[in-house]
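In: Need coordinates for the following:
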Amino acid sequence: MNNVTLNNGLEMPQLGFGVWQVPDEEATPAVAKALEVGYRSIDSAKVYENENGVGKAIADSGINREDLFITTKVWNSDQGYDNTLKAFDASLDRLGLDYVDLYLIHWPTPEFDDYVETYKAMEKLYHDGRVKAIGVCNFNIEHLQRLLDECDVVPVLNQVECHPYLQQNELKEFCSKHNIYVEAWSPLMNGKEVLQNDVIQEMAEKHGKTPAQVIIRWHLQSDAIVIPKSVTPSRIEENFNVFDFELSQDDMRKIAELDRGLRNGPEPNEMNKR
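Out: Below you'll find the model as predicted:
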């Protein structure tokens, strides 16, 4: 398992387990399987409505808390300074934890213009030692720049949609310049056509791996943090089994050529749902 070091010195597993769209009752067995396979980073969110299930799997696992890296997120309707502090307490309670390793703003929702106040509340949680790191999700360059200009703590990462059809190169460059990691959600494009792509299929055959494993390996070698999600035990295992092969420079170049700016989810400036 590879770890990365975030800009505040905290270590985080580069490969984590996501639970988006996993119902609460399914989250417990899915996270339990992920932990059994070897995942130590779990990514949840208030809006997923599965923090209870995630917390139960953590409690039942018998793994030392300090050996786990737990992420959750503040939802759009909970943004603003006081709301964020309340939402954090509620998430902690559902997870059954004393702290989380990483707390993220789920979307910038620029129409409501409260993400700076939200982030300032997260800075308080960080300074109070209730979270070990803070960051954001789905922030475009202009949203990140505003945080850099108006806040004190540089986000450790920006979790965004990223896969071979949406490689986010300009955003990655900006983040790299400011020592902010990019973390990929929907890294397999929700299992859509990218897994059927001929280039990916050929590569999988060449390496004796599945298309999903090739794409996860591409993320890792692109220096991104990646959080594939599955509730299928065999796939949970398969997605973790990516440390015993390497893509060549030629493989990486061929995947780079697949970029087509194709989003599966919303454009961040258009996501204002509360």
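
In: Every contact and neighbour count from this point should use C-alpha atoms.
Out: OK.

In: need the strands for the stretch 1-150 of the chain, in chain order.
Out: Listed in chain order, the strands of the stretch 1-150 of the chain (DSSP state E, counting those that start in this stretch) span 3-5, 11-13, 17-18, 41-43, 69-74, 100-105, 131-137.

In: for the fourth one, the distance to its chain's centre please.
Out: What it means is strand 41-43. How far strand 41-43 lies from its chain's middle: 8 Å, per CA atoms, centre = their mean, to the nearest Å.

In: Same list (the strands of the stretch 1-150 of the chain) but as JSON lines, adding distance to Phe88, mean neighbour count and mean pLDDT.
Out: Shown next, in JSON lines, are those (distance: least, CA to CA, whole Å; neighbours: other CA atoms under 10 Å; pLDDT from 0 to 100):
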{"stretch": "strand 3-5", "distance to Phe88": "24", "mean neighbour count": "14", "mean pLDDT": "98"}
{"stretch": "strand 11-13", "distance to Phe88": "21", "mean neighbour count": "18", "mean pLDDT": "98"}
{"stretch": "strand 17-18", "distance to Phe88": "19", "mean neighbour count": "24", "mean pLDDT": "96"}
{"stretch": "strand 41-43", "distance to Phe88": "15", "mean neighbour count": "23", "mean pLDDT": "98"}
{"stretch": "strand 69-74", "distance to Phe88": "7", "mean neighbour count": "24", "mean pLDDT": "98"}
{"stretch": "strand 100-105", "distance to Phe88": "8", "mean neighbour count": "24", "mean pLDDT": "98"}
{"stretch": "strand 131-137", "distance to Phe88": "10", "mean neighbour count": "23", "mean pLDDT": "98"}
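
In: which one of those strands lies closest to Asp244?
Out: Among the strands of the stretch 1-150 of the chain, strand 3-5 comes nearest to Asp244, with 15.7 Å by CA to CA.
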